[in-house]
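*Asks:* 3D model of this:
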Amino acid sequence: MTHFLDIHTTDRDRLRSIIDMARAMKTARGGRPKGTLDDEQPLAGRMVALIFEKPSTRTRVSFDMGVRQMGGQTMILSGSEMQLGHGETIADTARVLSRYVDLIMIRTFEEATLLEMAEHATVPVINGLTNRTHPCQIMADVMTFEEHRGPIADKKVVWSGDGNNVFASFAHAAGQFGFDLTFTGPPPLDPERECLDYAARMGRPITIERDPHKAVQGADLVVTDTWVSMHDPQSAKERRHNQLRGYQVNSALMAKAKEDALFMHCLPAHRDDEVTSEVMDGPNSVIFDEAENRLHAQKAIVRHCLGV
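*Replies:* Numbering: from 1, shown residues only. Just a heads-up that it's a prediction; the model follows:
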């Protein structure tokens, strides 16, 4: 069974082959209309279940469209429809879905839900996001960087803001793809120790620099994410803004990085909070290439899981 649960639990050579396949599939489409099928239809006759306990735009549309482009069909299920773990167990849900579909993608809250789904499913399971990691996003980010600047190995990536689930997958990717990663943010929002320890074991210890202007010096890529979650109470949102205001990515901060440093954000963004519109719409921003590449990277991940 070939699941795609996290970057650090996937073989390094397989990660590279996924990136290579994603680029090849993107090139092969050659700008054709989005609704048309790929020349290859490796998912013809296949059904993919897309489970969303968390709301989604990019993950939902990119997985749905990607499966369709490859000739397959999707069944989209919301958390409210399924009530995962609130009645029927996650394990039983996994067993039942495996009798109906060829692959399961799940976007959920708790990592334990993902792992239990994968343990009991008899079809591949893909991590569309959990509170701990977001591996599909970072595969798209690596693909995007390499499209613009060549191999990401030994490049300097700087994350400014909250050490959240997206950062955790960046830390895993640093170990697997061999780039240097710097975190700049306030101590209360430091990354989880697990992802820091992993990168260190892989020979890519993460640098923590509290001064964002020092952190971005020599950066090839600057990345940030939203300061607050849609589920955070108002009091938490106000506290986050106070903690992170000094870590906003703006023109003054980008000026301290390399002249050709790229800017990324997984979106959706709160313009002029974590990043200014000037940076988002500026010449070094590749956020919409990054968003598009979710489609291509995930198509390759699906093919990797199904072996087609």
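*Asks:* okay, CA-based contacts and neighbour counts for the rest of this
*Replies:* OK.
*Asks:* Residue 269 touches residue 224, doesn't it?
*Replies:* No - assessed by Cα atoms under 8 Å, residue 269 is found out of contact with residue 224, at 9.3 Å.
*Asks:* how much space between the closest residue to residue 73 other than its chain neighbours and residue 18?
*Replies:* Nearest non-adjacent residue to residue 73, counting by Cα to Cα, 6 or more residues apart in numbering: residue 47, 4.9 Å away. According to Cα to Cα, to the nearest Å, residue 47 stands 21 Å off from residue 18.
*Asks:* Give the residues shared as contacts by residue 269 and residue 224.
*Replies:* Both residue 269 and residue 224 are contacted by residue 275, under the criterion Cα atoms under 8 Å, 6 or more residues apart in numbering.
*Asks:* just to revisit the earlier point, would you mind telling me which of residue 47 and residue 18 has the busier surroundings?
*Replies:* residue 18 (23 against 19; other Cα atoms under 10 Å).
*Asks:* Residue 269 and residue 224 - which one has more neighbours?
*Replies:* Neighbour count, other Cα under 10 Å: between residue 269 and residue 224, residue 224 has more, with 24 against 17.
*Asks:* could you pull out the strands for the stretch 151-300 of the chain?
*Replies:* 156-160, 180-184, 207-208, 221-224, 262-265 (DSSP state E, counting those that start in this stretch).
*Asks:* Who are the packing partners of the last one?
*Replies:* Spelled out, it's strand 262-265. strand 221-224, helix 287-306 (3 or more Cα pairs under 8 Å, 6 or more residues apart in numbering; DSSP states H and E).
*Asks:* Could you do the fourth one as well?
*Replies:* For strand 221-224, the contact count by 3+ Cα pairs under 8 Å, 6+ apart identifies strand 156-160, strand 262-265 as packing neighbours.
*Asks:* Now do it: everything it contacts.
*Replies:* For strand 221-224, the surrounding residues in contact (Cα under 8 Å, 6+ apart) are 156-161, 216, 249, 254, 261-266, 274-275.
*Asks:* just checking, residue 103 touches residue 43?
*Replies:* No - here residue 103 does not reach residue 43: they are 10.6 Å apart, not a contact under Cα under 8 Å.
*Asks:* how far away is the closest residue to residue 197 other than its chain neighbours from residue 173?
*Replies:* Nearest non-adjacent residue to residue 197, counting by Cα to Cα, 6+ apart: residue 205, 7.7 Å away. Here residue 205 is placed at a distance of 12 Å from residue 173 (Cα to Cα).
*Asks:* which one of those two has more residues nearby?
*Replies:* For residue 205 versus residue 173, the count of surrounding residues by other Cα under 10 Å is larger for residue 173: 25 against 20.
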